[in-house]
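In: turn this into a structure:
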Amino acid sequence: MPSKQQLDKAAWEWAEKVEPNNITSEHIETAYRVKLKPCKPTSCRRNCKGNPRCLVGLGERNWLQDIADEDWHEIDDPNSERRAQGSFVGLKNLGATCYVNSFLQVWYHNPLFRRAIYQWKREDDPQELVALTSTKDERGEKEHSTNGNEGEGVYSPSSCIGHLQLIFALLQFSERKYIDPTQFINCLGLSVTRDAQEFSQLFISLLEDKLSYQTHPFVKNIIQQLYSGEYAYITRCHKCCTESARPSRFYELCLNIKGHKDIHGSLQEFLQDEKLEGSNQYFCDQCQLKQDATRFIRLLHLPPVLNIQLLRFVFDRQTGQKKKLNSFIRFHEVLDMSAYLQKPESPVLYDLSAVLIHRGPSAYSGHYVAHIRDRVSGAWYKFNDETVEKMEGKKLQLGAEENIEEEGGGKQTGKPPRLSKGHHASNNAYMLVYRARDPEQKELPPDNSCEWDLPEHLQEAVVEDNSRFEEWVMELGLMREQNVQSGKARQTEIRTLYDILPATEGNPHEWISSEWLMKWLNADVGQVEAIDNSSVLCLHNKLHPDKVTNVKCINQQAADQLFEKYGGGPRLRDALCTKCVESRCHLIRIRARVQEDSKTITSMFKIKVSSDEDAFWVGKDSIKDWKKMVLSQYKNCDSTSASSNYEEHNDNYDHMSSSGEKSHSDEGMSGNGTTTEEDHDDNSGYNFNEDVLCEHSNLSVKEGCRRLVQAQVWEILKQYFPNAPEFPRTANVCPECEMKQEENQVNTDRNRLLALEQKTCLQDLYSDRNQPTWTKVEPNTIMYVVDRNIVDEWRKFIRDPKKRPVTVVSNAELLCPHRLLLYSPEITGDIDPQSRLYLVWEYEWRIIARLFQVDTEIRVWKEIQNNSPDCPVINSTPALCGPCYVARLHEEQQQLLDFTSAKIYVRRVTKFDEVELSGSPTVDSESPDCDVAPSTVGKEEDPEFIQSVKKRKCHEGGSDATNVGGDSQLRRSSRRRKLRGEKELTVSSNQTLRDLKLQVCAFQEAILKLDDSA
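Out: Sure, this is the predicted structure:
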């Protein structure tokens, strides 16, 4: 298939040879590309915009192939959220609550503890009792107002044990894959992530306190019965061998693992002796003296469930923060505690039932996972929040949990030790749960057994939750079915319409927007908008020839069905616009003619105009824009944007300007002879050759704005612009403008002489050299004050005599309404560069009084009082007005504090910049021999920062550079030199420091992103 550019060219190729009045229907059909053949389905990878009969690549391929049912919707199978047969229920992670989920699973898998929680009674709990009382009162009022037609509602506990009871019931009997513990978390008030060990201790203590209100002894004492053990702190006197014991209860053993390879080493350290000697001697009650002694811990009683906390998170004294110990520790599946008890009657054996894992290199981040052994099958399960995974076989597998990285990016230190049968090792385990072997203990029924006696309110809550889950599954399943059915119906509709969509010869056809067709084929079901063809219409409410690439030619029968279902319009049946085609043909022919004339003019411009041939004055801007002006005359006749849209097809006529030459007359066109987009948007605001006119509509005296062209060139241009002003080479310029120019030249010459005279008389004042300062003048030397603004204005006139000369030296702004001095005479330009007071010598003042009009004379002098030359007194006439001086300072300070849209510059300073800034040399601004001063940053020459007046004047050119301003003095540039990596921020006085910091932080983030990308 030909390219779009080739099709565009072929559509209008005939226009170069056919007059607009001789256009036939065949020409119109060619312009609208009606006779093009449709593309085959396999011939185009994407849709051909240049062929309106190409219906391939619009988005139909997905509909024409077979589509699986799963592709009709984005809804996952709701049954994937159903609990697997014989599996356990997970817990949703609410964001950093994985440690709570791990402990909940461990406590749930203790059947005795679960039974006790099920037997907990709401009536015995004070918190629940208050909630029940208020609920009954509200229910009574509601029944009274509704005549008892409403039910009791869904069970909602108010205490943490009530929520724990409900979670246990749902973990046991829910049909969900995982449940949401939000209410339990909110009841505990866990707004921040806590240490897992701290949470375990606090929650066990909370449970013990809450269960103490229960009347049932089994429920009341379940914590002590299951988790509470006892040991004693023993102190033995070395002299009398008397032992003193201080018993204590424990709920978990906290063992240090640092420096130990297995759990037995940690247990031995926990129970080892401590020597009390020297200043740490023990006061023996038997001896009534301080004696050497030994202190140790003696295990008296072990609980049925032994929780062993491995102290992985320790305090680092060097950093002042917690750190995690990633060392391996060995532990046993069967733990024999007989060696740590005094004379046990039988072996004390414990079976490993759970291992809690912390995955992560740091004590402040990571993830908690629980490995728990099923008491019925003996299989191990991994509880990872919502996911519950059964381990292969019946062995505990911790290998996957050990592949973590230490803080700082390195792998864990040490290698996993070799293990014998019945042993495990981990560098992430932080809690081990052992359960005592008791042959006499009665086994509880399995979790799925009906023998579990749940309270009625828990049964109702479980049934209600399972019912809501089934309704949700059914609702999502119905949505999936509806999506599949509607998708298949839409596929059938699109396939049927697409088969009859192509226009065939002999049958009526219609035009429709390509954009709408693509939306129709790519939009979801129910999201197809009405058909909109308004964007492709011309002024005559027909199809615009430039919009052919935005429409498709389809069968009218298919169009009837589309408009019947989706509506919209307007419909484009007989939509070929003859008027637009004629206008386009005319424009193409004009363009071709312009290109030929452009070549002629370009070649003529290469020939110098002789002095004896006829020539005409033409404006340089008109020469540059004449082609654009010609085309705009025809474009303005057709406001349908035919000319602007024609840019899309300009490449078709490159052969019109194949020479590619470019001269003054081609500057308004692109190199291939087509008008650029900027040219179309530009509005010159003048007609051809009006740029040579002065304000009096005569030939301008400015020769730089016009040039002479040959008579042949002018004849060509005259054909396009018959009403353009004509000026032969013998035409006289405007007499009024000429007279005004002569007057200006006389004034300029007079000002130049005046500037030279004033500069000669006041050379030091102009150069700012040898001027008086309070540190250099002798006491009682009379000096005079001139307004610094007047001095600056005068210096500008001396540099450029074309400026307005200074005739009056006014010091009125230096005085207050009381005719006293408004500025302190002590603060002059040598002290503060911003000061308005500029000191001049007495002889300079006399010259100033002779050359200028002076309104106010201000004299200042220095006096020595009390023979103290270090503290001179500055006097002035007139004197300083104290109140007005203070008021002025206050007003200036307020103006500094009240500002809007002020600019500050922020740049990130590196260490190298700090060294350069601190060690950069200063610039001697008074050195007349320095043309370019070294930069303070980078130590490179920067001619934009400091440059000499001589260099600047020479750059401007002209004879003025030699008359005035020839001195080689330094001038500070008023432009601010932008540094690399600098950011300009706009601030105001009502902005807070926090707002400014946010702006700087945003800039810093952008800089860091740039650094990262670099």
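
In: for stretch 902-922, the averaged confidence score.
Out: What stretch 902-922 shows for mean pLDDT is 63.

In: which one's the longest strand in the protein?
Out: For the chain, the strand with the greatest residue count under DSSP state E is strand 349-359.

In: now for the next helix-or-strand element following that one, which elements pack on it?
Out: Remark: after strand 349-359, the chain's next helix or strand is strand 367-373, criterion DSSP states H and E. Other helices and strands packing on strand 367-373, by 3 or more C-beta pairs under 8 Å, 6 or more residues apart in numbering; DSSP states H and E, are helix 98-108, strand 349-359, strand 380-384. (C-beta placed from N, C-alpha, C; glycine too.)

In: using TSV, lay out the ones you listed together with mean pLDDT.
Out: Formatted as TSV, these follow (pLDDT from 0 to 100):
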stretch	mean pLDDT
helix 98-108	91
strand 349-359	91
strand 380-384	92
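
In: what's the first helix or strand after whichever helix in the chain runs longest?
Out: For the chain, the helix that runs over the most residues, judged by DSSP state H, is helix 456-500. Beyond helix 456-500 in the direction of the C-terminus, DSSP H and E gives the next helix or strand as strand 509-513.

In: what about that next one, average pLDDT?
Out: Here the average pLDDT along strand 509-513 is 90.

In: got the angle between the helix or strand that that strand is followed by and helix 456-500?
Out: As assigned by DSSP H and E, the chain's next helix or strand after strand 509-513 is helix 514-522. Put simply, helix 514-522 runs at 130 degrees to helix 456-500, going by axes from the mean of the first three to the mean of the last three C-alpha atoms, to 10 degrees.

In: and helix 514-522, which residues are buried?
Out: For helix 514-522, the neighbour count (16 or more other C-beta atoms under 10 Å) marks 514, 516, 517, 518, 519, 520, 521 as buried.

In: can you tell me what sits against that helix?
Out: With contact meaning C-beta atoms under 8 Å, 6 or more residues apart in numbering, helix 514-522 is reached by 47, 49, 55, 58-60, 63, 494, 528-529, 531-533, 549-552, 562, 566, 568.

In: how does it look with 6 Å?
Out: Helix 514-522 is contacted by residues 58, 59, 60, 528, 531, 550, 551, 552 when judged by C-beta atoms under 6 Å, 6 or more residues apart in numbering.

In: can I get it in CSV? Just the C-alpha atoms.
Out: The C-alpha coordinates for helix 514-522 follow below in CSV (Å, rounded to 0.1, in the frame of the first residue of the first chain):
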residue,chain,number,x,y,z
SER,A,514,-12.4,7.3,12.2
GLU,A,515,-11.9,8.4,15.8
TRP,A,516,-15.4,7.3,16.6
LEU,A,517,-14.9,4.0,14.9
MET,A,518,-11.8,3.3,16.9
LYS,A,519,-13.7,4.2,20.1
TRP,A,520,-16.5,1.9,19.1
LEU,A,521,-14.1,-1.0,18.6
ASN,A,522,-12.0,-0.3,21.7
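
In: measure how that helix sits relative to strand 509-513, angle-wise.
Out: 80 degrees.

In: tell me which strands and helices the helix or strand encompassing residue 299 is in contact with?
Out: Counting by DSSP H and E, the element that carries residue 299 is strand 293-301. Applying 3 or more C-beta pairs under 6 Å, 6 or more residues apart in numbering; DSSP states H and E, we find strand 293-301 packed against strand 229-237, strand 274-276.

In: strand 229-237 and whatever helix or strand comes next after the first one, what's the angle between them?
Out: Secondary structure here is assigned by DSSP H and E; on that basis, the next helix or strand after strand 229-237 toward the C-terminus is strand 243-250. Angle of strand 243-250 versus strand 229-237, following the same axes, to 10 degrees, is 160 degrees.

In: given strand 243-250, what are its sheet partners and their directions?
Out: strand 229-237 (antiparallel) (DSSP bridges).

In: thinking again about what came up before, which of the contacts of helix 514-522 has the most neighbours?
Out: residue 552 (26 neighbours; other C-beta atoms under 10 Å).
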